[in-house]
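>>> structure here, sequence nowhere to be found:
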DNA sequence: CTGTTAGCGCGTTCAG
DNA sequence: CTGAACGCGCTAACAG
């Protein structure tokens, strides 16, 4: 049924070692022999068995990528960066979605490891103690991509979320706003949640503004929660004149809540956030936001992983990429 | 370095066959022995090697999914359906992005096949002769998911794109519109392009309306092209009162083009499309659209694939799922 | 430049 | 209920 390297060898009148050589582009084969082998391969429709190859060589030339939520466009942009670099170094990548559920993340990490990937990229998500446990059992390198572990034990590529949030809020302050509400992610999440909240607080404090508990509400990163939280802010007697949302999606939800109330952005209320997903330039008004270099996060982490897999020693295994304010149309002077 | 089934056997004082049995849940093991083995596994931190297992058993319990464009939210919704069913049947799925490029699709199909997946799901994308060639070389079942090949040679799960488009345009006609522009995908694409265009034409013809070449323009499915095409329509002296876009993204682009021009949707111009992506309910006005059951497309095609992999004989290997008009706020009476 | 020979880690008969 | 032995398809020395 399935044609093996052995069949090809017989068909071409050479040994299987020779076939293996031509399949693997080993230069030590006479052009003529090479040609014979290729013809036999063609004739038989031979397709190398990557599983057998993986077992014999103890390398699969594939890296596993765990993606916390495939429907989140941030991750697809990061994935794009990962892919491009992976292809460049001739690695296949296999994406595994974890559906935002921790147990599934752990499970996926383990299957990937069982499948003998040569390296692992862990995207997004919070890194808990259980994750660390799973990572520890790995014999192949792992890099965190768009996240970090709190003890910084693992190689990682990310932005400085606190600084990004700080810059966003600071821009609001620069525009004269002093009553700034925040739509935060869960404070349990060190990156998108806690750090961005810290940045918010720090900006206010540095400007001598008070931070009021009433003005920060927790969302779940999604549009709907941004919408709902904004509705809450709007019915406050002393409502904010500007909103900092932890993610673009929540910011867009907030904008629509404001508009649905008959108010205008940015004339009545300014909105800013961080991420710069594609949708940020697909709304009215165009969303002002702090861009994280998603493609680069993916690309740099994949590059780092190739070095690690290659056992090169890397000087910087924890890299922070820089962010950038994208001024569009959702922020105005108070 | 790596601990094998053999190490576990020695540690537990049994043979490797026994270890294999407990790992694979074979009932023919005395509970006591089973316990010993589990303890040894625990102690040694043994992790089964899926590659070796795959070679020995000739099954990998994984199915490959080629996803044409990871940044397109339609596909992520379909993937979700695939995953749920795959998990239910204890298959792992590995996603491979093809970046909307045909050669990459072919390449990815081949790597997946080399990796000895037990089945293949081909999502979206046009099925060309080259695809058919690649599929033919496969010894494992393949199902097309959200697309079909023109000769209907392969099992597939999709909606009736022509009927969906027909219904959308018909709704416009029912609202009194007679000058209906279409923002189409490329007519080369049998599903989202050609079929949806045919549905548009058929609806007009059935209503006794003339179809004018000036009123159909080709976009590339994305927001920007919807925006640009709409700009073109707007400067027409005799501009349309309603727009049918082949995808939600283009429809949203069109809406913004209209609004940027100082006009209103739906009061001045109505807009409808087909897909019902998440973003359709994240714009103002909310987008009226024909929903394709994306989750179900994924789920049903995965279910079909499991049957095929299991060599059950299936009666219906080409299934068409039904669509549904979602009336929201972007269509009004003329 | 080419062939021979061992495994890679595991599932699976077949005996016992 | 358990163990011995073979082989899955291929790579990697080692000879020649």
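Structure's in. What do you need? Quick caveat, the model's predicted, so the values are computed rather than measured.

>>> C-alpha from now on. contacts and neighbour counts both.
Will do.

>>> local confidence estimate at residue A:1?
Looking at residue A:1, its pLDDT stands at 69.

>>> my bad, residue A:73
pLDDT, residue A:73: 88.

>>> okay, now it: neighbour count?
Counted with other Cα atoms under 10 Å in any protein chain shown, residues neighbouring residue A:73 total 18.

>>> cool, and residue A:230?
26.

>>> state the distance from it to DNA strand C.
Remark: distance between residue A:230 and DNA strand C (Cα to the nearest atom of the strand, to the nearest Å) = 53 Å.

>>> would you say that residue is within a helix?
Yes. According to DSSP: H, G, I helix; E, B strand; the rest coil, residue A:230 belongs to a helix.

>>> wait, isn't it in contact with residue A:261?
No. In this structure residue A:230 lies outside contact range of residue A:261 using Cα atoms under 8 Å: 10.3 Å.

>>> so which bits of the stretch 1-150 of chain A are right by chain B?
For the stretch 1-150 of chain A, the residues in contact with chain B (Cα under 8 Å from any Cα of the partner chain) are A:45, A:47-52, A:54-55, A:70-71, A:73, A:76-77, A:93-96, A:114-116, A:137.

>>> which of those fall within helices?
Secondary structure from DSSP state H places A:50-52, A:54-55, A:73, A:76-77, A:114 of the residues of the stretch 1-150 of chain A next to chain B in helices.

>>> in TSV: the residues you listed, plus distance to DNA strand C.
Converted to TSV, those look like this (distance: Cα to the nearest atom of the strand, whole Å):
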residue	distance to DNA strand C
A:50	11
A:51	9
A:52	6
A:54	7
A:55	4
A:73	37
A:76	33
A:77	35
A:114	9
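
>>> buried ones among the residues of the stretch 1-150 of chain A next to chain B?
A:47-52, A:54-55, A:70-71, A:73, A:76-77, A:93-96, A:114-116 (16 or more other Cα atoms under 10 Å in any protein chain shown).

>>> just the element for the closest residue to residue A:154 other than its chain neighbours, please.
Excluding the flanking residues, the one nearest residue A:154 by Cα to Cα, 6 or more residues apart in numbering or on different chains is residue A:143, at 6.5 Å. Residue A:143 is located in strand A:142-145, with elements delineated by DSSP states H and E.

>>> which strands or helices does whichever helix or strand comes after that strand pack on?
Note on strand A:142-145: by DSSP H and E, the next helix or strand toward the C-terminus is strand A:156-159. Packing contacts for strand A:156-159, counted by 3 or more Cα pairs under 8 Å, 6 or more residues apart in numbering or on different chains; DSSP states H and E, involve strand A:142-145, helix A:294-309, strand A:318-321.

>>> just checking: what are the partner strands of the last one?
Translated: strand A:318-321. strand A:156-159 (parallel) (DSSP bridges).

>>> can you give the contact residues for the strand it pairs with?
Outside strand A:156-159, the residues that touch it by Cα atoms under 8 Å, 6 or more residues apart in numbering or on different chains are A:143-148, A:292, A:297, A:300-301, A:317-323.

>>> how about the strands in chain A?
A:62-67, A:92-97, A:119-123, A:142-145, A:156-159, A:180-184, A:216-218, A:242-245, A:270-275, A:288-291, A:318-321, A:324-326 (DSSP state E).

>>> out of these, which gets nearest to residue B:61?
Among the strands of chain A, the nearest to residue B:61 by Cα to Cα is strand A:92-97 (14.5 Å).

>>> the closest one - contacts with which helices or strands?
Using 3+ Cα pairs under 8 Å, 6+ apart, strand A:92-97 sits against strand A:62-67, helix A:73-88, strand B:92-97.

>>> so how far is the second one off the chain centroid?
Taking Cα atoms, centre = their mean, to the nearest Å, the mean C-alpha location of helix A:73-88 is offset from the chain mean by 8 Å.

>>> contacts for it, please.
Outside helix A:73-88, the residues that reach it (Cα under 8 Å, 6+ apart) are A:67-70, A:92-93, A:123-124, A:275, A:277-278, A:294-303, B:70-71, B:73.

>>> I'd like to know which of the helices and strands packed on strand A:92-97 is closest to DNA strand D.
Set against DNA strand D and scored by Cα to the nearest atom of the strand, the helices and strands packed on strand A:92-97 come closest in strand A:62-67, at 14.2 Å.

>>> what pairs with the closest one, parallel or antiparallel?
When DSSP bridges is applied, strand A:62-67 pairs with strand A:92-97 (parallel), strand A:119-123 (parallel).

>>> direction-wise, compare the longest one with helix A:73-88 and give the angle.
The reference is to strand A:92-97. 160 degrees (axes from the mean of the first three to the mean of the last three Cα atoms, to 10 degrees).

>>> the shortest one too?
Orientation note: strand A:119-123 sits at an angle of 160 degrees relative to helix A:73-88 (the same axes, to 10 degrees).

>>> any idea how far strand A:119-123 is from the chain center?
The answer for strand A:119-123 is 10 Å, by Cα atoms, centre = their mean.

>>> what of the first one?
Here the centre of mass of C-alpha atoms in strand A:92-97, compared against the chain's by Cα atoms, centre = their mean, lies 13 Å away.

>>> show me what counts as buried in stretch A:238-258.
Result for stretch A:238-258 [16+ other Cα under 10 Å]: buried residues A:239-258.

>>> out of the residues you listed, which are close to chain B?
Restricting the buried residues of stretch A:238-258 to those touching chain B (Cα under 8 Å from any Cα) yields A:253, A:256.

>>> quick one: low-confidence parts of chain A?
A:1 (pLDDT under 70).

>>> quick one on the thing from earlier: what's the most buried one of the helices and strands packed on strand A:92-97?
Most buried of these by mean neighbour count (mean count of other Cα atoms under 10 Å in any protein chain shown) is strand A:62-67; its value is a mean of 26.

>>> what parts of chain A come near DNA strand C?
Taking Cα under 7 Å from any atom of the strand as the test, the list of chain A residues beside DNA strand C reads A:13-18, A:27-34, A:52, A:55-58.

>>> try it again at 10 Å.
A:6, A:9-10, A:12-22, A:26-37, A:51-58, A:114, A:116 (Cα under 10 Å from any atom of the strand).

>>> take those and keep only those in helices.
A:6, A:9-10, A:12, A:16-22, A:31-37, A:51-57, A:114.

>>> of those residues, grab the buried ones for ChimeraX.
Those of these that count as buried under 16+ other Cα under 10 Å are selected in ChimeraX with:
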select /A:9,12,16,18,19,20,22,33,34,36,37,51,52,53,54,55,114
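
>>> interface residues of chain A facing DNA strand D?
So chain A meets DNA strand D at A:1-9, A:15-26, A:28, A:46-60 (Cα under 10 Å from any atom of the strand).

>>> what residues are bridge-paired with residue A:273?
Here residue A:273, judged by DSSP bridges, has bridge partners residue A:245, residue A:289.

>>> how near is it to chain B?
17 Å (Cα to the nearest Cα, to the nearest Å).

>>> ok, that residue - contacts?
A:165, A:168, A:244-248, A:251, A:288-290.

>>> with the residues you listed in mind, which one is nearest to chain B?
Nearest to chain B, judged by Cα to the nearest Cα, of the contacts of residue A:273 is residue A:251 at 11.5 Å.

>>> what sits against the closest residue to the closest one other than its chain neighbours?
In space, and not counting its chain neighbours, residue A:251 is closest to residue A:245: 5.2 Å by Cα to Cα, 6+ apart. With contacts defined as Cα under 8 Å, 6+ apart, residue A:245 is in contact with A:182-184, A:226, A:251, A:271-274.

>>> what about residue A:224, neighbour count?
Neighbour count for residue A:224, taken as other Cα under 10 Å: 20.
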